[in-house]
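Asks: Curious how this folds, go ahead:
(one chain, ligands or ions: 3)
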Amino acid sequence: MRSAHTVHDVRAAEAALMARLPEGALMQRAAAGLAAVCAGVLGGAYGTRVVLLVGSGANGGDALYAGARLARRGASVTAVLLSPGKAYPDGLAALRSAGGRTTADPAAGEELVRRADLVVDGIVGIGGRGGLRGAAVPLARAAAGSGAAVVAVDLPSGVDADTGEVAGEAVRADVTVTFGTHKPGLLVDPAAGFAGTVHLVDIGLGPDLPGPAVQALQHADVAALLPVPGARSDKYRRGVLGVAAGSARYPGAAVLAVAGALHGGAGAVRYAGSAAREVIARFPETLVSTGRPSQAGRVQAWAVGPGAGEDASARVALEDALASDVPVLVDADGLRHLKGLGRPARGALAGRTAEVLLTPHAGEAAALLDVAREDVEARRLEHVRRLADAYGATVLLKGSTTLVAAPGGGPVRANPTGTGWLATAGSGDVLSGLAGSLLASGLSAFDAGSAAAYLHGLAGRRAAGRDGAPFGAHELAGELPAAWRDVRGAAH
Ligand SMILES: NC(=O)C1=CN([C@@H]2O[C@H](COP(=O)(O)OP(=O)(O)OC[C@H]3O[C@@H](n4cnc5c(N)ncnc54)[C@H](OP(=O)(O)O)[C@@H]3O)[C@@H](O)[C@H]2O)[C@@H](O)CC1
Ligand SMILES: Nc1ncnc2c1ncn2[C@@H]1O[C@H](COP(=O)(O)OP(=O)(O)O)[C@@H](O)[C@H]1O
Ligand SMILES: [K+]
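Replies: Residues are numbered from 1 along each chain as shown. Ligands and ions are numbered 1, 2, ... in the order given. Predicted coordinates for the structure are as follows:
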């Protein structure tokens, strides 16, 4: 599990740890880790040209000390000082005594950046506010346009550590070396998209850190969540998922949701709705009926809404499923009907004994919250939390970084496995069936949503292939067994 902590929590842990250590020890740990990664990126420091972009705070201090280490190993190191009077004094002295140079001329700095092998971004770290300012902007652009590798110190400068927002210009890093713990912005888009590969350097903060604000599962975590049948299992004990999806207009959504459901851990899938013929033709193992959910027979969870359409039967299916005593996943058209139910229904939602998992994309989340889609996309973390609290439900917010939040606080899960190739029609329907199936097999809404997003992302990467190629959502579903095997295999 990768954990990310807020700036507030990092600073508190740092203060507690610093009180027990000699002055400067933490920065030396950070700089040593940073220099080691830089040397690795360069394939050895000797004879290379390194440019440090140095701001006014400790982030610049880390860059200066790491630069001194690289200079001692034979690199030609120049620091471009963005606030010459404020650059970290001890770090400056260390760089100079190791043979490094400095310049306070931004134009000269840009020229150096263009000819560099490595640019170290120490403009601003967790002390940053808003996008880059002043001379930092052309320097960041020069770095992006040069052939140099860009290594960001702690965070790509210009991104928001806590929210993942990028309000203006930011450094685009190939590698980010972060200290003590991940920061939420390194796991959540749009900021995460600026970070490149993230290396965590342990500086000893661990014991002083509280629970994380954001976490990202890894193979072993997902493997531990996935249901595995045992000697006493039968199809009912494994859990039955009911799928109420599709319509005369969108029968394919029903087929795709069932395709996802058959690969999610439930022992059986019941389908209830008007696309029963299409579903049974494609998946003969499905138990189909054409009535409403309450007439379909006993299930352990419902997945409602993909391609359900706007007419009354879709609304009835939603109301029916919500009136049951089992967990309900609500997606797509189901979300639109949920909004239409108004406040009393939201209260009823919160009053259910079993969990509800909402799976909106940014547009659907925006509609549920009455905000603009762009706001959701710019501040995904804030909005997934707001939505979970407003509806008293667990929310899986789909998109560039899929996030899962439970109501009432606690860490938000950021999915690390997605790919832009997943943005293809019907891919969300597969996810609904998959997450619903995990819900039926007994996982909590939080675990079912995060494990489903993880497997879905892996399957998407597999379907796209190493070099990347488009695929249809049915092919994505076909890769789910291999995604399960990847995850379970890595845990052995
Ligand atoms: N915590 C830990 O455990 C450890 C932390 N360590 C390191 O310390 C770093 C935090 O250092 P920090 O607190 O000195 O702040 P930092 O990020 O350097 O910013 C400083 C100044 O930047 C400026 N500025 C702000 N926004 C800006 C913008 N958009 N564009 C341009 N400039 C902007 C603003 O100054 P202003 O320009 O307003 O005068 C602000 O005061 C942390 O990220 C890590 O690298 C490690 O050494 C060891 C362990
Ligand atoms: N840029 C992206 N990067 C990664 N995953 C994405 C991106 N865009 C969309 N996805 C994923 O693709 C799926 C699309 O689902 P959805 O928007 O419901 O589409 P549909 O209704 O056509 O199935 C979701 O799982 C979402 O997280
Ligand atoms: K930085």
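Asks: who's in contact with whichever residue of the stretch 51-200 of the chain sits closest to ligand 2?
Replies: Going by CB to the nearest ligand atom, ligand 2 is nearest to D189 of the stretch 51-200 of the chain, at 8.0 Å. Using the backbone N, CA and C atoms, a C-beta is placed for each residue, glycine as well. Contact partners of D189, counting by CB atoms under 8 Å, 6 or more residues apart in numbering, are 164, 380, 399-401.
Asks: Report the two of those residues separated the most.
Replies: G164 and G399 (11.9 Å; CB to CB).
Asks: quick one, which of those two is more surrounded?
Replies: The neighbour count for G164 versus G399, taken as other CB atoms under 10 Å, is higher for G164 (29 against 19).
Asks: Restrict stretch 59-70 to CA atoms and write it as CSV.
Replies: Extracted as CSV, the C-alpha positions of stretch 59-70 are listed here (Å, rounded to 0.1, in the frame of the first residue of the first chain):
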residue,chain,number,x,y,z
ASN,A,59,13.1,22.5,-1.3
GLY,A,60,15.9,24.5,-2.9
GLY,A,61,18.1,23.5,0.0
ASP,A,62,17.6,19.8,-0.8
ALA,A,63,18.5,20.5,-4.5
LEU,A,64,21.7,22.4,-3.4
TYR,A,65,22.9,19.6,-1.1
ALA,A,66,22.2,17.0,-3.7
GLY,A,67,24.0,19.1,-6.3
ALA,A,68,27.0,19.2,-4.0
ARG,A,69,27.1,15.4,-3.8
LEU,A,70,26.8,15.1,-7.6
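Asks: Just confirm yes or no for that stretch near ligand 1.
Replies: Yes. Against ligand 1, stretch 59-70 shows contacts by CB under 6 Å from any ligand atom at 59-62.
Asks: How about stretch 165-180 and ligand 1, any contact?
Replies: Yes. Interface with ligand 1: stretch 165-180 contributes 179-180 (CB under 6 Å from any ligand atom).
Asks: will you turn the residues of stretch 59-70 next to ligand 1 into JSON lines that also has distance to G43 and secondary structure?
Replies: Shown next, in JSON lines, are those (distance: CB to CB, whole Å; DSSP: H, G, I helix; E, B strand; the rest coil):
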{"residue": "N59", "distance to G43": "25", "secondary structure": "helix"}
{"residue": "G60", "distance to G43": "25", "secondary structure": "helix"}
{"residue": "G61", "distance to G43": "26", "secondary structure": "helix"}
{"residue": "D62", "distance to G43": "22", "secondary structure": "helix"}
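Asks: By neighbour count, which bits of stretch 19-30 are buried? Give me those.
Replies: 26-30 (16 or more other CB atoms under 10 Å).
Asks: And whatever residue of the stretch 201-350 of the chain ends up closest to ligand 2, what's its pLDDT?
Replies: Of all residues in the stretch 201-350 of the chain, A332 sits closest to ligand 2, at 5.8 Å by CB to the nearest ligand atom. We have a pLDDT of 97 for A332.
Asks: what separates it from R352, distance-wise?
Replies: Distance, A332 to R352, by CB to CB, to the nearest Å: 20 Å.
Asks: just the residues of stretch 59-70 next to ligand 1 now: which is nearest ligand 1?
Replies: Using CB to the nearest ligand atom, these come closest to ligand 1 at N59, 3.3 Å.
Asks: For the closest one, which non-adjacent residue is closest in space?
Replies: G125 (3.3 Å; CB to CB, 6 or more residues apart in numbering).
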